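# turn this into a model:
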Amino acid sequence: MPAAQVLDSHALLAYFRDEPVGERVKDLFHKAAAADRPLHMTEVNYAEVNYMICRKAGATAWAEAARILETLPIEFHPATRSLADLAADFKTRHKLSLADAFAAALAKEKKAELVTGDPEFKALEKEIKIAWLK
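So this is what the prediction gives:
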């Protein structure tokens, strides 16, 4: 396991939707808990997961997901000014959603590996480490 790993929304949604790559995310949770080293995620990505679950499955599904999130080894990071500046730079130079830009910014700031299956991040492979969910 690298020094630090950042989850993007895609990874967490795969976990909650029981997608095949969600098993890899589940394995990351087990390893993080065993090593007492949480995974990382921005509050912006948390909001995107909230929105996506509510939109597709409703508020009750989100309430259950939020309850589960409290038990997972994830450290959530606020959108600080320096993180926002870095996210804006990524968004300006690459075709990324704002939430994806924040995930990439956190990975760069923490010198961490970004865990994702979202092809939008292909453009960033030379700037940040990416662990592709396949």
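# run the chain-centre distance for stretch 30-43.
11 Å (C-alpha atoms, centre = their mean, to the nearest Å).
# buried set for that stretch?
For stretch 30-43, burial by neighbour count (16 or more other C-beta atoms under 10 Å) applies to Ala32, Arg37, Pro38, Leu39, His40, Met41, Thr42. For glycine as for every other residue, the C-beta is placed from the backbone atoms N, C-alpha and C.
# can you check stretch 91-107 too?
Buried-residue list, stretch 91-107, by 16+ other C-beta under 10 Å: Lys91, His94, Leu96, Ala99, Asp100, Ala101, Phe102, Ala103, Ala104, Ala105, Leu106, Ala107.
# is it possible to get a markdown table of the residues you listed that adds pLDDT, secondary structure and distance to Lys134?
As requested, the buried residues of stretch 91-107 are exported to a markdown table (pLDDT from 0 to 100; DSSP: H, G, I helix; E, B strand; the rest coil; distance: C-beta to C-beta, whole Å):
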| residue | pLDDT | secondary structure | distance to Lys134 |
| --- | --- | --- | --- |
| Lys91 | 96 | helix | 25 |
| His94 | 94 | coil | 21 |
| Leu96 | 93 | coil | 20 |
| Ala99 | 96 | helix | 21 |
| Asp100 | 96 | helix | 18 |
| Ala101 | 97 | helix | 23 |
| Phe102 | 98 | helix | 23 |
| Ala103 | 98 | helix | 18 |
| Ala104 | 98 | helix | 19 |
| Ala105 | 98 | helix | 24 |
| Leu106 | 98 | helix | 22 |
| Ala107 | 98 | helix | 18 |
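# between those, which is nearest Thr116?
Ala103 (7.3 Å; C-beta to C-beta).
# what residues are up against that closest one?
Val6, Leu7, Asp8, Ser9, Met41, Thr42, Val44, Asn45, Leu114, Thr116 (C-beta atoms under 8 Å, 6 or more residues apart in numbering).
# what do you get for Ala105?
Counting by C-beta under 8 Å, 6+ apart, Ala105 touches Thr42, Leu83, Ala84, Leu86, Ala87, Asp89, Phe90.
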